[in-house]
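Trainee: I'd like to go over a predicted model; first the sequence, then the structure.
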Amino acid sequence: VLQPLLTGSWMQYLARRFPIDDSPYTSESRHHLLTATALSPLWLASIIGLISGNPRQTYLNLILGWALPPIMFQIAFGGDILWRHRQLIAASIIPASIYLGFADSQAIHAGTWAINPKNTIGVEVIPNLPFEEALFFLLTNILLVFGVTLVQAKVSENRLPVAWRNAYFKFKTRLTGHQS
């Protein structure tokens, strides 16, 4: 609950300080489909790793297995939108992920929770922060920031399948109180 509030608020704060690029989109959907597809081997390897049952890679493979498909979908849907806002995206993701990693490191050190080292690859990014935990915060922040960026981009509305548009606009009107 706190991570979306922290990262989302940070992103909205930064968005007001980044210049708005109103130039028309010249989307070449083939490029962002290729980028999304390029992540497929990593996702497939994580699924195979889960099936093969190497306990030292369990946590890593679980994280990659569930996080990569929605990230690939986001890139396929609006890779050009994400690229256009890459500075805001990076400025939103990197500090929030670092902060959450340090906070998690302190919580693990204090004994608030523990991560079974038998289920990790054994690499710590900083003391008391397994690589998998840092990756978790990075990927969840990517999911969050990519999602917010795509939802807030007006051009995304035109990319929705026609069958979904009425429901989307009805929801948006109810949420914001006005029609787009």
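Mentor: Now that the structure is in, tell me what you want to look at.
Trainee: quick one, what contacts Phe146?
Mentor: Ile71, Gln74, Ile75, Leu82, Ile89 (CB atoms under 8 Å, 6 or more residues apart in numbering). To be clear about C-beta, it is placed using only N, CA and C from the backbone, and glycine gets the same treatment.
Trainee: Poorly predicted segments of the chain, please.
Mentor: Confidence mapping of the chain against pLDDT under 70 gives the ranges 26-29, 179-180.
Trainee: Out of the contacts of Phe146, which comes closest to Glu124?
Mentor: Closest to Glu124 out of the contacts of Phe146 is Ile71 (24.5 Å), distances taken as CB to CB.
Trainee: Surely that closest one and Leu139 touch.
Mentor: Yes: look at Ile71 against Leu139 with CB atoms under 8 Å: they come within range, at 7.1 Å.
Trainee: of all the contacts of Phe146, which comes closest to Trp113?
Mentor: Ile71 (25.5 Å).
Trainee: just the strands in this structure please.
Mentor: 124-126, 129-130 (DSSP state E).
Trainee: Figure out how far the last one is from the centre of its chain.
Mentor: Remark: strand 129-130 is offset 19 Å from the chain centroid, using CA atoms, centre = their mean, to the nearest Å.
Trainee: For that strand, which helices and strands make contact with it?
Mentor: Applying 3 or more CB pairs under 8 Å, 6 or more residues apart in numbering; DSSP states H and E, one finds that strand 129-130 makes contact with helix 86-110.
Trainee: So which elements touch the helix it packs on?
Mentor: Looks like helix 86-110 contacts helix 2-15, strand 124-126, strand 129-130, helix 131-152 (3+ CB pairs under 8 Å, 6+ apart).
Trainee: so what strands line up beside the second one?
Mentor: On the basis of DSSP bridges, the sheet neighbours of strand 124-126 come out as strand 129-130 (antiparallel).
Trainee: Show me what the partner strand is in contact with.
Mentor: Outside strand 129-130, the residues that reach it (CB under 8 Å, 6+ apart) are 59, 101-102, 104-105, 108, 115, 117, 120-124.
Trainee: Emit the PyMOL select command for whichever of those are buried.
Mentor: Per 16 or more other CB atoms under 10 Å, the buried members of these correspond to this PyMOL selection:
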select buried, resi 59+101+104+105+108+120
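Trainee: so which of the contacts of strand 129-130 comes closest to Val151?
Mentor: Gly101 (25.8 Å).
Trainee: coming back round to it: which one of the contacts of Phe146 is nearest Gln12?
Mentor: Ile89 (13.1 Å).
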